[in-house]
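quick one, what's the 3D model for this:
(one chain, ligands or ions: 1)
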Amino acid sequence: MRKIAVLTSGGDAPGMNAAIRAVVRTAIYYDVEVVGVRRGYLGLMEKDFQRMSLGSVADIIHRGGTILLTARCDEFLSSEGREKAVANLREEGVEGLVVIGGDGTLRGAIELHKLGLPTIAIPGTIDNDIPCTAATIGYDTVINTVVDSIDKIRDTATSHERVFVIEVMGRRSGFIALEAGLAGGAESIVIPEVPFNIDTVVKNIKRGNRRGKKHSIIIVAEGAIDAMEFTKEISEKTGLETRLSILGYIQRGGSPSAKDRLLGSRMGAEAVNLLLRGESKKMLAMDGEMIRNFDIEWAISQSKTIHLDDYRLAGILSI
Ligand code: F6P
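The predicted model follows:
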């Protein structure tokens with residue numbers, strides 16, 4: 001293989017730049033040329049290509065976002081669109097591709113493989129909702145960002161003796177809410193994976209109140225409930241001043257944690273190794289300290305379950 005391409009697609013995640021850097025530098029180390037595709041799958045349609053050099057990935061390991069830009073692309077969902085994508089890459093002399101992104105990006109990689117383009121996927125999303133890997137790139141950073149926000153909100157919640165509902169991202173999964181909620185000492189955590197009962201939440205708040213606790217933090221995953229409606233109900237049922245704070249896109253930005261830089265670097269390098277070994281349709285995964293790989297189609301057909309023990313623990317620790 002003499003030339004490969006790399007792209008980032010879907011929601012950006014801190015650590016994607018570390019992965020891009022590792023792909024580019026590992027490939028160049030093995031005398032393989034690298035093309036950077038800008039704006040993900042959209043860039044494949046539009047031939048938005050740039051030649052990557054050692055210097056083009058200098059000074060990015062500590063930066064959030066993605067230097068290659070990202071997008072969500074409808075045209076790529078059609079078979080004509082995907083054929084155009086592969087034709088454009090072939091015209092450029094590209095013989096293999098590394099894609100970095102979440103669920104939609106991984107599905108795109110399967111389709112490119114079916115069209116004969118060797119493709120390796122790196123799971124990069126703050127949501128951590130990709131099966132078979134203990135963590136996705138960006139997850140560790142977002143947990144730290146959310147915990148930092150909880151700590152700050154707790155200061156004002158204590159001062160005003162208020163209840164705070166904090167909505168966090170995660171699409172349809174509750175990983176961010178659960179782990180950040182546990183680490184941030186939340187009184188209640190509401191996630192899509194566990195049936196929720198507002199009366200239990202109210203009971204917890206009132207119990208705390210009886211023993212002199214005048215503030216409470218409730219973490220709500222965006223995919224679980226309507227946080228606005230929930231906040232209103234909590235306020236009505238407890239009679240306490242209740243505020244909603246939607247953390248939003250602040251969760252996607254910021255400098256990646258050391259863990260995400262390591263994960264991005266290891267997975268990026270391994271993606272190139274796999275392409276050079278003639279592999280395709282593989283997804284990288286973290287298993288303890290090891291980087292492994294799985295068939296993408298098989299991996300995404302598996303289910304990824306949240307740690308119910310953590311959910312129970314959060315309940316015990318918040319009494
Ligand atoms: O998948 C990452 C994520 O940040 C989700 O947590 C969130 O639901 C979604 O992307 C938001 O997507 P968009 O950037 O298209 O608004």
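
show me what counts as buried in the lowest-mean-pLDDT helix or strand in the chain.
Per-element confidence for the chain was summarised using mean pLDDT, DSSP states H and E. The lowest value among helices and strands belongs to helix 198-210, with a mean of 92. When burial is assessed from 16 or more other CB atoms under 10 Å, helix 198-210 yields the following buried residues: 201-202, 204-205, 208-209. Glycine gets a C-beta too; all of them are placed from N, C-alpha and C.

got those as a markdown table, with distance to the ligand columns?
Rendered in a markdown table, the data for these read as follows (distance: CB to the nearest ligand atom, whole Å):
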| residue | distance to the ligand |
| --- | --- |
| Val201 | 23 |
| Val202 | 27 |
| Asn204 | 26 |
| Ile205 | 27 |
| Gly208 | 29 |
| Asn209 | 32 |
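
pick the one among those residues closest to Ser216.
Each of the buried residues of helix 198-210 was scored against Ser216 by CB to CB, and Ile205 proved nearest at 4.9 Å.

which residues touch the closest one?
When the contact criterion is CB atoms under 8 Å, 6 or more residues apart in numbering, the partners of Ile205 are 163, 187-188, 216, 218, 234, 238, 240.

how about Ile67?
Contact analysis of Ile67 by CB under 8 Å, 6+ apart lists 17, 20, 36, 57, 60.

try it again at 6 Å.
With contacts taken as CB atoms under 6 Å, 6 or more residues apart in numbering, Ile67 has the following neighbours: 17, 60.

about what we covered before: out of the contacts of Ile205, which comes closest to the ligand?
Ile218 (18.7 Å; CB to the nearest ligand atom).

list the contacts of stretch 303-313.
Outside stretch 303-313, the residues within contact range by CB under 6 Å, 6+ apart are 131, 174, 178, 182, 193-194.

get me the contact residues on this structure for the ligand.
If contact is defined as CB under 6 Å from any ligand atom, the residues of the chain in contact with the ligand are 11, 102, 125-127, 169-171, 222, 252.

for those residues, which one is nearest Lys3?
Nearest to Lys3 among the residues of the chain next to the ligand, counting by CB to CB, is Gly102 at 26.1 Å.

what pLDDT does that closest one get?
Confidence at Gly102, expressed as pLDDT, is 97.

tell me how far the closest residue to Gly64 other than its chain neighbours lies from Asp103.
Distance criterion CB to CB, 6 or more residues apart in numbering; nearest residue to Gly64, sequence neighbours excluded, is Pro14 at 4.4 Å. Spatial separation of Pro14 from Asp103 under the definition CB to CB, to the nearest Å is 18 Å.

what about those two, which has more around it?
A direct count of neighbours by other CB atoms under 10 Å for Pro14 and Asp103 places Pro14 higher, at 31 against 18.

residue contacts, the more buried one?
64, 138, 141, 254, 256, 260.

identify all contacting residues around the helix or strand encompassing Ala180.
Following DSSP states H and E, one finds Ala180 within helix 175-183. Contacts with helix 175-183, where a contact means CB under 6 Å, 6+ apart, come from 128, 142-143, 146-147, 168, 170, 189, 191, 219, 221, 306, 310, 314.

could you report the pLDDT at Ile316?
Taking Ile316 on its own, its pLDDT is 94.

just want the angle from the helix or strand hosting it to helix 175-183.
Secondary structure assignment for Ile316, by DSSP H and E: helix 308-317. Going by axes from the mean of the first three to the mean of the last three CA atoms, to 10 degrees, helix 308-317 is angled at 40 degrees with respect to helix 175-183.

residue of the stretch 1-150 of the chain nearest the ligand, please.
For the stretch 1-150 of the chain, CB to the nearest ligand atom, closest residue to the ligand: Gly11, 3.2 Å.

contact partners for that residue?
No contacts exist for Gly11 under CB under 6 Å, 6+ apart.

now do the same for it: helix, strand or coil?
When the structure is reduced to helix, strand and coil (DSSP: H, G, I helix; E, B strand; the rest coil), Gly11 reads as coil.
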